Structure formats: structure tokens, C-alpha cells
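> Quick one: sequence and predicted model below, then my questions.
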Amino acid sequence: MAPTITALDATLGATVTDIGLADLDDGTWAVVEDAFHQYALLVFPGQNLSPAAQEAFAARFGEIEILRGDSDHKSVEISNAKPDGTVAGAGEHRFKVLRGNEGWHTDSSYMPLAAKASVLSAVEVPPSGGETEWADMRAAYDALDDVRKRRISGLSAYHSLYQSQAKMGYEIRTGAGYGYHTKGAPLRPLVKTHPVTGRKSLFIGRHAYRIPGLDDGAALALLDELQDFACRPPRIHTHHWRPGDTVVWDNRCVLHRARPYDFDLPRVMRHTRVAGDPATELAHDSTPDDRADAYAPTASNR
Ligand code: OGA
Ligand code: MN
């Protein structure tokens, strides 16, 4: 049976039913891939995928990005519950990462190679809160007036997890480990052309922080203004999770964020990330000086 694809009430996203992701034949995959390009966000309710089945589904989209430094970890838990069963407290690294996820972002934009897609499933969810939201950066770009389109064409921003966490008052560990880039922040154009559809989209989010050619205050004001404009109806969708739901989104043209919930209650999600294509998601080269400059703390971070 062919899957049923129902557009969501937003400029992005569709729900896909009558499909088993654990057992996807090539014909059905072709339908899913087309829908992914058209809708940029696909919601598959009630899949109850095992970790291995989720990883196999993610691998249909491309190479898996390894998030914990060893190739046995093709997916990671995004969870406030620790292995000992207690939940993370305010001072803990895990807590800061989860709070960070509540800001609009796109995955791995602060890494040299930004992500193509992310697959996220709910394992255990609190009775209220803890939704995930996505915002359509294609529709956001389209909705900009010509003055703004001209203003941002040709501009690029540095992306840094140090900066985005510092803005929240969190200092993160430096050095080796996932996400802690040590070679300077990658520089990425504010307007990205989708490698498959050719559509333009805004490429912004919480990790973007400094724009060559603008002073830091003007850069932050512009980035905030763009994000405020972009992340509102009809360009956003909120998913109220049920355990077993699986979602995939296109990080090249969609921002996402977690919504708050009662941190005393466990929320356990499983995430598998698909690496970008180096031809189109590798950060543009910047000069060694640019990199050193971008890497230095800004006034707000000192
Ligand atoms: C992620 C993420 C948001 C959420 O998995 O990359 O940002 O709702 N998750 O858990
Ligand atoms: Mn994320």
C-alpha cells in the first residue's frame, strides 16, 4: 500500500501514515525522499523503531554523523534522565545542552560540515510540554521584502556553540569532543540555496553570531530581527509527541527547538544525525585571521 501523505497546517511539514519505516522498500523510500524535499519535515506517528531500525532509516538519507566520537554510536539519547535513573540538575552539562536546544537552531551548523537531516524519535515524554517546533526558512526567505533580501545577499555569519551557550550564561568545556570546534568558527552564507530543490532559504539560528562587515551589535540585531520574523506562523509547526513517534527534518532549510517541560520528569528522545554533503554543507573557507578573530570571545562572552 502506498503511504498516505497529509500536509500540515503550515508552510512546511507533512504527516506520513500507512508506512512502516522499519521495513521500507525502495519504491516507498523514493516516495519518502520526494516528500522530504517537498515538505522539509515529515512526521511518522507510532513507528516504535528500535535504535537499529532508526539508524537504518537515517542511513537512507546519507552518511550518519557520529556524535560521540565512536562509530558504535550512530544514535544518541537526548534525555534529561541519567543512566542512574535520576534527572539532570541545573549545574550539569546535560542540563545546559538541553536548555540550549530550546533556542532555534539547525544541527551542526557550528561544525565544519553542517548536517543534512536529523531523525528524532520519542521514547518517553512528559504529560505536557516537551514539544518540538520547526520553522520553515524557505518560506521565511520568500516572505522577506526586497530591501531585506538585498541587505542580506552576500552576507555570511560565523556559527559557534561556544557563543550560543555563552549567550545563555553557560560556559562549555573547551578541547576535544563533539561540538567543541577547536579551529575557529565556520563561516556560512545567510542565504542558502538548497542543493536538490534550488530553493533559497535563510540560514540562521542561535549559533550564528558574527557577520564580517558589520559590527557585533549590528550583526546580532540583524540576526535577531531575521529570526523573529522567520519563526512565526504560518511558518512553524509544533509536534506534541507520543512515545514511538519518529520525525525527520531537513537541517539545510529548517530551524527547530525543544519546548520547556517540567525537568523533574523524564523526557527521553533518540536522535540520529545525517551528515551534510561536503560539496554543499562544508563551511566556506575563511582566512586564518578571520578564524582567529571569530574564535576570540566577544564582549558579551567575557
Ligand atoms: C535535536 C533537538 C529538540 C527536542 O534532537 O537536535 O534539538 O525537542 N531536539 O528534543
Ligand atoms: Mn537540534
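On my side now, so go ahead. Just so you know, these numbers come straight off a predicted model, no measurement behind them. Numbering: from 1, shown residues only. Ligands and ions are numbered 1, 2, ... in the order given.

> In space, what's closest to the residue in the stretch 151-300 of the chain positioned nearest to ligand 1 - neighbours in sequence excluded?
Using C-beta to the nearest ligand atom, Ala258 is the residue of the stretch 151-300 of the chain that sits closest to ligand 1, at 3.2 Å. Where C-beta positions appear, they are placed from N, C-alpha and C, glycine not excepted. Ranked by C-beta to C-beta, 6 or more residues apart in numbering and with sequence neighbours excluded, the top spatial neighbour of Ala258 is Asn101, at 4.4 Å.

> Check what pLDDT that neighbour gets.
Here, the pLDDT recorded for Asn101 equals 95.

> can you check Ile172 too?
69.

> Which of the residues in the biggest strand by length in the chain are classified as buried?
If you go by DSSP state E, the chain has its longest strand at strand 115-124. Buried residues in strand 115-124, counted by 16 or more other C-beta atoms under 10 Å: 115-123.

> Note down every partner strand of the following helix or strand past that strand and its orientation.
Going down the chain from strand 115-124, the next helix or strand is strand 132-136, by DSSP states H and E. Using DSSP bridges, the strands paired with strand 132-136 are strand 236-239 (antiparallel), strand 254-258 (antiparallel).

> And the contacts of the last one?
Residues from elsewhere that reach strand 254-258 (C-beta atoms under 8 Å, 6 or more residues apart in numbering): 12, 40-41, 98, 101-107, 118, 130-137, 204-205, 227, 230-231, 249.

> try the first one
Residues outside strand 236-239 that contact it (C-beta under 8 Å, 6+ apart) are 8-10, 12-13, 41, 43, 131-136, 245, 247, 259.

> can you tell me if that strand touches ligand 1.
No. Strand 236-239 does not reach ligand 1 (C-beta under 6 Å from any ligand atom); its nearest approach is 8.5 Å.

> so what strands line up beside the helix or strand hosting Thr272?
Element membership of Thr272 [criterion: DSSP H and E] is strand 268-275. Counting by DSSP bridges, the strands paired with strand 268-275 are strand 64-65 (antiparallel), strand 76-79 (antiparallel), strand 115-124 (antiparallel).

> Of all those strands, which one comes closest to Val32?
strand 115-124 (11.4 Å; C-beta to C-beta).

> Just the C-alpha atoms of the closest one, please, in PDB.
Written as PDB, here are the backbone C-alpha positions of strand 115-124 (Å, rounded to 0.1, in the frame of the first residue of the first chain):
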ATOM      1  CA  ALA A 115      24.100  18.400   9.000                       C
ATOM      2  CA  LYS A 116      21.800  17.300   6.200                       C
ATOM      3  CA  ALA A 117      19.000  15.800   8.200                       C
ATOM      4  CA  SER A 118      18.100  14.700  11.700                       C
ATOM      5  CA  VAL A 119      15.800  11.800  12.700                       C
ATOM      6  CA  LEU A 120      14.300  12.100  16.200                       C
ATOM      7  CA  SER A 121      12.000   9.600  18.000                       C
ATOM      8  CA  ALA A 122      10.200   9.900  21.300                       C
ATOM      9  CA  VAL A 123      10.900   7.100  23.800                       C
ATOM     10  CA  GLU A 124       9.400   8.600  26.900                       C
END
